[in-house]
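K.L.:
Here you go, sequence then predicted model.
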Amino acid sequence: MSNSKLSQSISTDGADPKISEQVLDVEKDLLSMESYSTIGNNLVEDAKMSVRNVNVFYGDKQAIFDVHMDIKKNEVIAMIGPSGCGKSTFLRTLNRMNDTIDSCVVSGEVTMDGENLYDPKLDVVELRARVGMVFQKPNPFPKSIFENVAYGPRLHGLADSKVDLDELVENSLKKAGLWEEAKDRLHQPGTGLSGGQQQRLCIARAIAVEPEVILMDEPCSALDPIATARIEELIEELSQNFTIAIVTHSMQQAARVSHRTAYFHLGKLIEVNPTETVFTMPEHKLTEAYITGRFG
Amino acid sequence: MSKDNRKKIRESLAKRNRSERHFQWFGKLGVILGLAAVVLLFVDIISKGSGAFRATYIQLEIEYDPDAIGVLDVNDTEELIFANWQNFAKKSLRDLFPEVTKRGEKRKLNNLVSEGAGFDFRDQLTQSPNLWGTKETLWILADDDIDTYYKSWLDDDPFSARLTSEQIKWIDQLHSKGLIALKFNTKFFERGDSREPEQAGIKGALIGSFFTLVLTLLMSFPMGVTAAIYLEEFAPKNKWTDLIEVNINNLAAVPSIIFGLLGLAIFINFFGIPRSIPVLGAIVLALMTLPTIIITSRAAIKSVPPSIREAALGVGASKFQTTLHHVLPLSLPGMLTGAIIGMARALGETAPLLMIGMVAFIVDIPGGFTDPATVLPVQIFLWIDSPERAFVEKTSAAIIILLSFLMVMNFIAVYLRKRLERRW
């Protein structure tokens, strides 16, 4: 990113010009730095997933710089940061979704329960069964609601009988809070649901294979406030059974749903702290600038 | 806004509206010209070809007398083979016109009915031998010259160039007795090719086209679709796949006759596949349609939103499962329409088939994929090349049939697209 573009990303409207200048300087420093260290408690004791020295390249362009981070079991961790900061890219390294992009190269180590996810011997199919994903735009298959939820369990042979499968689908829809609305129309197309319902269907589809970790890539950005509130409630409920990593554009959402918040800037992980700390006493200047709405 | 600017806008508005009107005129003109060409083509072809669906028949009373055809024992099959079956018709005609006695005139009289009538008697009597010795009143197919004359009977200037004045007189007499009439031409749909226009039918070419197209579809569709899926979903994107893509597009633009030469050089000369058979025709046409199918299938695959692939991969489907369960069903309508349009092109293709001997004169209706055959467009080519005037209407009739098949296929393509299309 060129400097001129960079300064564009910092809006100076209505803010103290002095502070903005300081932020600009910090950002410049960050760009020129060869190595940096993340501020806050990015490493934890009982990590479900550990990320070490992770760099991600798209061809010649580096998108993620040397990230070290842990994700705790059964926590909700939010990744925030301005557009293009690499938070989505980072999320997709956690279930190797980046493999689908030819030019994408990942270096470093990502482990889950001590197992290296980038081990050539590891089968991504198994990994993606263990690390589920919910996408930005609701993307149900153009099939019935039942088929949408039953797809994963069928693939992996998780249900032994038709009765089992019915039960699994029902439970998943219940956990996703969609059962009451969908039980009478299980065999109608999932694409006929409203946007919020579709997203909950996608969540039901993800949890039907009982993953250990669920990645959510801006799951509410295409939804209205009421649907968003329902998904946020759902995230809270799900966090009792699952580890959740969520990328979000909305700082309020991060504040509402997450236990810890990670702030990314220009591909670097600037700060990781308990959500309360991040939103009340951010340690880094850039984090402060972002959460106070000076750019992003 | 200042008054000045408003004036400027109003002035430019007139110009803008005018150019929009002009554009619409040009568009309408193009549509009208296109429609006019289609109407002209259809009117011309239908007016020329509709005659072929009816043929002139002469009513004769036939006595199945073994003596008449020089057969002594009706159970002796060998004798029946060499019997002069045409004599049944000749005898009946002489009974109708007893005044004809001169040798030359008799021959002219005999020429009123088709040369093929004898074969019909033979088939009839072989099938039901109990007819021997009985009498039957039959409508016998007239000769093609009579047919052409009788069809132009009501015209100001009937086509009589190939008839003698006696023959015209006889036809007048037959007409006044009601013994000559135009009837639906069943032979046209039951027969293969013939040198006698009145005996020539379209069935051989239809069956040949059917066998060739079925094989073409079986060869090109699975291969084209799998190639498209591989290139679109699995192959790495590098300069080699770029090169392949460019060359597939090039291949789609290669003139079809070149594919015929390929078939001749490789499949006939090198692999020794017999010429003129549907298998060979299908191989050549499959090679020709393959690039079209690959290109349309790739476009169909590309139109499947990536979010569907991500969704499937996200719950742990392998790449192959993602393709098989989601991408393929969603892109199938597009692939099918591409295949049908490719098949329609293959159905109308002539040039490459000329190169591989499917232009041969084949009377028998092909019974399988390895019987010598010809196809509809080549049949049209053969007939239009024949000197007999009666072939003109046969040619037009064959064109009508070919065009109706093409239209049916295109309608199916449109229907499938509408029917299977999914929106999300």
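P.N.:
Perfect, thanks for sending it.

K.L.:
List phi and psi for the spatially most central residue of chain A.
P.N.:
Centroid check for chain A by CA atoms, centre = their mean gives residue A:246 as the closest residue, at 3.1 Å. Backbone torsions of residue A:246, given as degrees, to the nearest 10, read phi -130, psi 130.

K.L.:
Quick one: the strands in chain B, in order.
P.N.:
B:54-63, B:135-141, B:180-184 (DSSP state E).

K.L.:
strand partners of the shortest one, parallel vs antiparallel please.
P.N.:
With DSSP bridges as the criterion, the sheet partners recorded for strand B:180-184 are strand B:54-63 (antiparallel).

K.L.:
What residues of the partner strand count as buried?
P.N.:
B:54, B:55, B:56, B:57, B:58, B:59, B:60, B:62 (16 or more other CB atoms under 10 Å in any protein chain shown). (C-beta placed from N, C-alpha, C; glycine too.)

K.L.:
closest to residue B:172 among those?
P.N.:
Closest to residue B:172 out of the buried residues of strand B:54-63 is residue B:58 (13.0 Å), distances taken as CB to CB.

K.L.:
residues contacting the closest one?
P.N.:
B:112, B:113, B:139, B:140, B:142, B:146, B:174, B:179, B:180 (CB atoms under 8 Å, 6 or more residues apart in numbering or on different chains).

K.L.:
Among those residues, the buried ones, what's the ChimeraX command?
P.N.:
This is how ChimeraX selects the buried members of the contacts of residue B:58, with burial counted by 16+ other CB under 10 Å:
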select /B:112,113,140,142,146,174,179,180
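
K.L.:
Adding pLDDT, write the contacts of residue B:58 out as TSV.
P.N.:
Shown next, in TSV, are these (pLDDT from 0 to 100):
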residue	pLDDT
B:112	90
B:113	90
B:139	91
B:140	91
B:142	91
B:146	90
B:174	91
B:179	90
B:180	91
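
K.L.:
Tell me the one of the contacts of residue B:58 nearest residue B:291?
P.N.:
Of the contacts of residue B:58, the one sitting nearest to residue B:291 (CB to CB) turns out to be residue B:142, at 49.2 Å.

K.L.:
Output the contacts of residue B:58 in a markdown table; the columns should cover distance to residue B:343.
P.N.:
Below are the contacts of residue B:58 laid out as a markdown table (distance: CB to CB, whole Å):
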| residue | distance to residue B:343 |
| --- | --- |
| B:112 | 44 |
| B:113 | 41 |
| B:139 | 39 |
| B:140 | 40 |
| B:142 | 39 |
| B:146 | 40 |
| B:174 | 47 |
| B:179 | 47 |
| B:180 | 43 |
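
K.L.:
quick check, nearest of the contacts of residue B:58 to chain A?
P.N.:
Looking at the contacts of residue B:58 and their distance to chain A, the nearest is residue B:139, at 59.9 Å (CB to the nearest CB).

K.L.:
Is that closest one bridged to anything, and to what?
P.N.:
Residues in beta-bridge contact with residue B:139 (DSSP bridges): residue B:59.

K.L.:
Could I get the contacting residues of it?
P.N.:
The neighbours of residue B:139, taking CB under 8 Å, 6+ apart as the test, are B:57, B:58, B:59, B:181, B:183.

K.L.:
go on, residue B:192?
P.N.:
Counting by CB under 8 Å, 6+ apart, residue B:192 touches B:200, B:201, B:203, B:204, B:205, B:362, B:363, B:364, B:365.

K.L.:
Could you measure from it over to chain A?
P.N.:
Here the criterion is CB to the nearest CB, to the nearest Å. By it, residue B:192 lies 49 Å from chain A.

K.L.:
So which of the contacts of residue B:139 is the closest to residue B:162?
P.N.:
Set against residue B:162, the nearest of the contacts of residue B:139 by CB to CB is residue B:58 (16.9 Å).

K.L.:
Out of the buried residues of strand B:54-63, which two sit at the greatest distance?
P.N.:
B:54 and B:62 (22.3 Å).

K.L.:
residues near residue 121, how many?
P.N.:
Picked chain A for this. 5 (other CB atoms under 10 Å in any protein chain shown).

K.L.:
that answer is for a different chain, and I need it for chain B
P.N.:
By the criterion of other CB under 10 Å, residue B:121 has 22 neighbours.

K.L.:
correct me, but it touches residue B:88?
P.N.:
Yes. In this structure, residue B:121 is within contact of residue B:88 by CB atoms under 8 Å, at 5.1 Å.

K.L.:
Now do the shared contacts for the two.
P.N.:
B:62, B:64.

K.L.:
Show me where the stretch 151-296 of chain A dips below the pLDDT cut-off.
P.N.:
Low-confidence segments of the stretch 151-296 of chain A, defined by pLDDT under 70: A:295-296.

K.L.:
Show me what from the stretch 51-200 of chain A comes close to chain B.
P.N.:
Within the stretch 51-200 of chain A, the positions near chain B by CB under 8 Å from any CB of the partner chain are A:95, A:97, A:100, A:102, A:125-129, A:132-135, A:137, A:139-142, A:151-152, A:155-156, A:191.

K.L.:
So which of those residues sit within helices?
P.N.:
A:125, A:126, A:127, A:128, A:129, A:151, A:152, A:155, A:156 (DSSP state H).

K.L.:
what's the spacing between the nearest residue to residue A:151 once chain neighbours are set aside and residue B:60?
P.N.:
Excluding the flanking residues, the one nearest residue A:151 by CB to CB, 6 or more residues apart in numbering or on different chains is residue B:315, at 6.3 Å. According to CB to CB, to the nearest Å, residue B:315 and residue B:60 sit 79 Å apart.

K.L.:
And for residue A:246?
P.N.:
93 Å.

K.L.:
Repeat that for residue B:9.
P.N.:
From residue B:9 to residue B:60 the distance is 86 Å (CB to CB).

K.L.:
on that earlier part again, now which of the contacts of residue B:192 would you call buried?
P.N.:
By 16+ other CB under 10 Å, the contacts of residue B:192 give B:200, B:201, B:203, B:204, B:205, B:362, B:365 as buried.

K.L.:
quick one: which of the residues you listed is nearest residue A:27?
P.N.:
residue B:205 (77.0 Å).

K.L.:
May I ask you to confirm that that closest one is in contact with residue B:378?
P.N.:
Yes. Residue B:205 is within contact range of residue B:378, at 7.3 Å (criterion: CB under 8 Å).

K.L.:
Most neighbours of all the ones in helices among the residues of the stretch 51-200 of chain A next to chain B, which one?
P.N.:
residue A:152 (27 neighbours).

K.L.:
contacting residues around that one?
P.N.:
Applying CB under 8 Å, 6+ apart, we find residue A:152 in contact with A:129, A:158, A:205, A:206, A:208, A:209, B:315, B:316.

K.L.:
Now render these as CSV, adding distance to residue A:61.
P.N.:
Converted to CSV, the contacts of residue A:152 look like this (distance: CB to CB, whole Å):
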residue, distance to residue A:61
A:129, 31
A:158, 39
A:205, 33
A:206, 30
A:208, 36
A:209, 34
B:315, 30
B:316, 29
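
K.L.:
quick one: which of the residues you listed is most hemmed in?
P.N.:
residue A:205 (30 neighbours).

K.L.:
which residues sit in contact with it?
P.N.:
A:140, A:148, A:149, A:151, A:152, A:172, B:311, B:315 are the contacts of residue A:205 under CB under 8 Å, 6+ apart.

K.L.:
Let me know the closest of those residues to residue B:21.
P.N.:
Distances from residue B:21 to the contacts of residue A:205, taken by CB to CB, are shortest for residue A:140, at 46.7 Å.

K.L.:
what about the closest one, how many residues close to it?
P.N.:
26.

K.L.:
quick one, what contacts it?
P.N.:
Neighbouring residues of residue A:140 by CB under 8 Å, 6+ apart: A:148, A:190, A:191, A:193, A:198, A:201, A:202, A:205, B:311.

K.L.:
Burial check on the first one, number of neighbours?
P.N.:
The one in question is residue A:148. Residue A:148 has 29 neighbours, counted by other CB under 10 Å.
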